[in-house]
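In: Can you look at this prediction? I've put the sequence above it.
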Amino acid sequence: MTAMVKAEGVCKRFGNLEVLKGIDLEVQPGEVTCIIGPSGSGKSTFLRCINHLEKVDAGRLSVDGELVGYRQKGDKLYELKENEVAHKRREIGMVFQRFNLFPHMTALENVIEAPIQVKGESKAAARELGTALLHQVGLGDKAKSYPRQLSGGQQQRVAIARALAMRPKLMLFDEPTSALDPELVGEVLGVMRQLAKDGMTMVVVTHEMEFAREVADSVVFMDGGVVVEAGNPEDVIRSPKHERTKAFLSRVLRKD
Amino acid sequence: MSSSTEERRPEPIKAVPVRHYGRWIGGAVVLALAALAVRSIIVNPNFHWELVGPYLFDTRIANGLVTTLWLTVASMAIGIVGGVILAVMRLSPNPVLSGAAGVYIWLFRGTPLITQLIFWANLGALYPSFGLGIPFGPEFVTWHTTTTITVPVAALLGLGLNEAAYMAEIVRAGISSVDEGQTEAAGALGMTRGKTLRRIVLPQAMRVIIPPTGNQLISMLKTTSLVVVIGYTELTVVVQQIYAQNYRVIPLLIVAAIWYLVCTSVLTVFQSWIERKFSPSTVRTTGWASRMFGFRFGRPKERP
Ligand SMILES: Nc1ncnc2c1ncn2[C@@H]1O[C@H](COP(=O)(O)OP(=O)(O)OP(=O)(O)O)[C@@H](O)[C@H]1O
Ligand SMILES: [Mg+2]
């Protein structure tokens, strides 16, 4: 079986700052992987590399067996053209910390925009799918609301529906609940939990240890641009082996 | 607990509002001065109000007005289209495109409009003819510059190309005002750069772009009178030609002013209508009366 995400020695630098120093990671289809780690450790950067929002400097990164951002011919690599990159991103959904809904469109318009504009689906088909997805995230009655009329939790659920509307084979979440009031976190995690149950392959950057322990198939602890420790959630969260993991977890779990 | 709070509901406050005596006095002074000014304008015979009426609908003036209007609309159209193209070039990662747009803006904002108008009108002296063909090879079609770049065309080029430089900066500011997360979200959904610009970024940039564009449009209405330097006539020039013959300077200037005010008013209403269209549905927008004069009648309207 080809891995959904396969990273081998992925490096990324911004100017002189080396953010990723050789990340190795594998995510199998249907698996949920949670990435945890302190601020600035490169979690977002790695996630953004997976759908080529950032260019990898060294190492290899592939999604569903295909190289991200490049095409290989013989032993030469060719950079993909802009529209080829866009084409590949269709299959990878992304949910952001700050939602990034389109404020000039209603919830339903946000959801159907990409299916119509990118996939060329008919308006009627897109609306039908969009309405169903809004129901799935519990917002069937909010189709006509604009983002500013929705709470943070509702906005994030619309953002999830928007990503799902492209029928992705992989979903990336970058701290989807960090910008939410505590009482709204649950509703978003609930939607993600259901998504995991339905078999979606997910890579989730999160500080929600409860969620990671319950839903994740594997937990990856990143620090300083490297993977310090990875394994099944019970091992990594309950009995971490490395000092850095222990120190981080004791800081995070004390807050809970 | 809950029942006791309900019984002890506090009485609504009844207080004597603050009297703003200063405001009342200030208002009275302004009204009195305004009344004096209006009275002097009406009774002073030197204004020759009896001449204003007939000249208002004079055919020469009507023709001038039509020229002013089409020149304004057409050069703004060139300015807006050119401005969007230049702004996109300016923000492009390609250094050649970005640099070329930068030089264009520098050149056209940096030289007087009059100079540019005269330049276009005299293009024939520089290039007697121009044509379409293979660079350094044969030409297929050739035009004579003096017959193609007529006075109206020179006026349009001068005004439109100059306007494009200013509009480019306005559009660039608008595009830059849109949160980067929007481009990122669109990109993550598989939208190309062009589609992201058209569907996501520009509609949001409009809120920032429209007000200064309205300014430019209203300013253009009056800037068109500069075409007098290349021998073209529009409203102001026509008025000057008429009073050069009959010395009725003031009434004719009043006629021109009335037409400019009428056009500006129409454009202002149009602008506030467009602004409403592009403002998010729950944001409070001001009505046309407050846009035009800054008055607020009653409480600001909330849109549903
Ligand atoms: N576009 C960029 N240009 C320069 N530096 C960047 C850029 N993006 C990220 N960085 C830097 O890379 C480092 C890692 O950032 P990243 O956002 O990946 O961390 P993170 O683990 O997601 O942190 P957080 O938990 O705060 O979101 C930081 O030091 C950040 O300042
Ligand atoms: Mg981050």
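Out: The structure has been received and is ready for your questions. Ligands and ions are numbered 1, 2, ... in the order given.
In: quick one: pLDDT of residue 50?
Out: With no chain named, the answer covers chain A. Among the per-residue scores, A:Ile50 shows a pLDDT of 96.
In: wait, I meant chain B there
Out: 86.
In: Checking my notes, A:Arg162 in a helix, right?
Out: Yes - per DSSP: H, G, I helix; E, B strand; the rest coil, A:Arg162 lies within a helix segment.
In: thinking it is in contact with A:Asn110, fair?
Out: Yes - A:Arg162 lies in contact with A:Asn110 (Cβ atoms under 8 Å); the separation is 5.1 Å. Quick note: C-beta positions are derived from backbone N, CA and C, even for glycine.
In: More neighbours: these two, which one.
Out: A count of neighbours by other Cβ atoms under 10 Å in any protein chain shown puts A:Arg162 above the other of A:Arg162 and A:Asn110, at 33 against 28.
In: Show the contacting residues for that one.
Out: A:101, A:110-111, A:113-114, B:189 (Cβ atoms under 8 Å, 6 or more residues apart in numbering or on different chains).
In: Please flag which of the residues you listed sit within helices.
Out: A:110-111, A:113-114 (DSSP state H).
In: remind me, longest helix of chain A?
Out: Chain A, longest helix under DSSP H: helix A:182-197.
In: what residues does it touch?
Out: With Cβ under 8 Å, 6+ apart as the criterion, helix A:182-197 contacts A:32, A:136-138, A:151-154, A:156-157, A:160, A:164, A:171, A:173, A:176-177, A:180, A:202, A:204, A:208, A:211, A:214-215.
In: quick one: which of the residues you listed sit in strands?
Out: A:32, A:171, A:173, A:202, A:204 (DSSP state E).
In: Distance check, the second one against ligand 1.
Out: Yep, that's A:Met171 we're talking about. Relative to ligand 1, A:Met171 is positioned 17 Å away (Cβ to the nearest ligand atom, to the nearest Å).
In: Could you tell me how many residues sit around B:His48?
Out: B:His48 has 15 nearby residues by other Cβ under 10 Å.
In: Was I right to think it contacts B:Arg248?
Out: Yes - in this structure, B:His48 is within contact of B:Arg248 by Cβ under 8 Å, at 6.4 Å.
In: tell me, what residue is most central in the chain?
Out: Answering for chain A, as no chain was given. A:Leu172 (1.3 Å; Cα atoms, centre = their mean).
In: Correction: the question concerned chain B.
Out: Centre-most residue of chain B, counting by Cα atoms, centre = their mean: B:Leu217, 1.9 Å.
In: Please identify which helix or strand holds that one.
Out: Secondary structure from DSSP states H and E places B:Leu217 in helix B:202-223.
In: elements contacting the helix or strand of chain A with the lowest mean pLDDT?
Out: Every helix and strand of chain A was ranked by mean pLDDT, DSSP states H and E. The lowest is helix A:243-255, at a mean of 86. With contacts defined as 3 or more Cβ pairs under 8 Å, 6 or more residues apart in numbering or on different chains; DSSP states H and E, the packing partners of helix A:243-255 are helix A:209-215, strand A:218-223, strand A:226-231.
In: Need the ones you listed in CSV (columns: mean pLDDT).
Out: Conversion of the helices and strands packed on helix A:243-255 to CSV gives the following (pLDDT from 0 to 100):
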stretch, mean pLDDT
helix A:209-215, 94
strand A:218-223, 96
strand A:226-231, 94
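In: which of those sits most buried?
Out: Comparing the helices and strands packed on helix A:243-255 by mean neighbour count (mean count of other Cβ atoms under 10 Å in any protein chain shown), strand A:218-223 comes out on top with a mean of 23.
In: Parallel or antiparallel, which strands does that one pair with?
Out: Partners of strand A:218-223 in the sheet, by DSSP bridges, are strand A:32-36 (parallel), strand A:226-231 (antiparallel).
In: What is the neighbour count of B:Ala205?
Out: 23.
In: For it, give its distance to B:Ala87.
Out: 9 Å (Cβ to Cβ, to the nearest Å).
In: ends of stretch A:158-169, how far apart?
Out: 18 Å (Cα to Cα, to the nearest Å).
In: meant to ask about stretch A:24-44, not that
Out: OK, stretch A:24-44 end separation, Cα to Cα: 15 Å.
In: ok, which residues in the stretch 51-200 of chain B are in contact with chain A?
Out: Counting by Cβ under 8 Å from any Cβ of the partner chain, the stretch 51-200 of chain B comes close to chain A at B:179, B:181-182, B:184-193, B:195, B:199-200.
In: So which of the residues you listed are in helices?
Out: B:181-182, B:184-188, B:193, B:195.
In: Next, give me the two most distant ones among the residues you listed.
Out: Spatial extent of these (Cβ to Cβ) is set by the pair B:Gly181 and B:Lys195 at 16.9 Å.
In: ok, the two, which is more surrounded?
Out: When B:Gly181 and B:Lys195 are compared for neighbours, B:Lys195 comes out ahead with 19 against 14, by other Cβ under 10 Å.
In: My guess is that one contacts A:Gln117. True?
Out: Yes - under the contact definition of Cβ under 8 Å, B:Lys195 touches A:Gln117, with a separation of 5.8 Å.
In: How about the stretch 151-256 of chain A: which residue is closest to ligand 1?
Out: The nearest approach of the stretch 151-256 of chain A to ligand 1 comes at A:Glu175, 6.2 Å away (Cβ to the nearest ligand atom).
In: Check what pLDDT that residue gets.
Out: 95.
In: Setting the sequence-adjacent residues aside, check what's closest to it.
Out: Nearest in space to A:Glu175, with sequence neighbours left out and distances taken as Cβ to Cβ, 6 or more residues apart in numbering or on different chains, is A:Gln97 at 4.4 Å.
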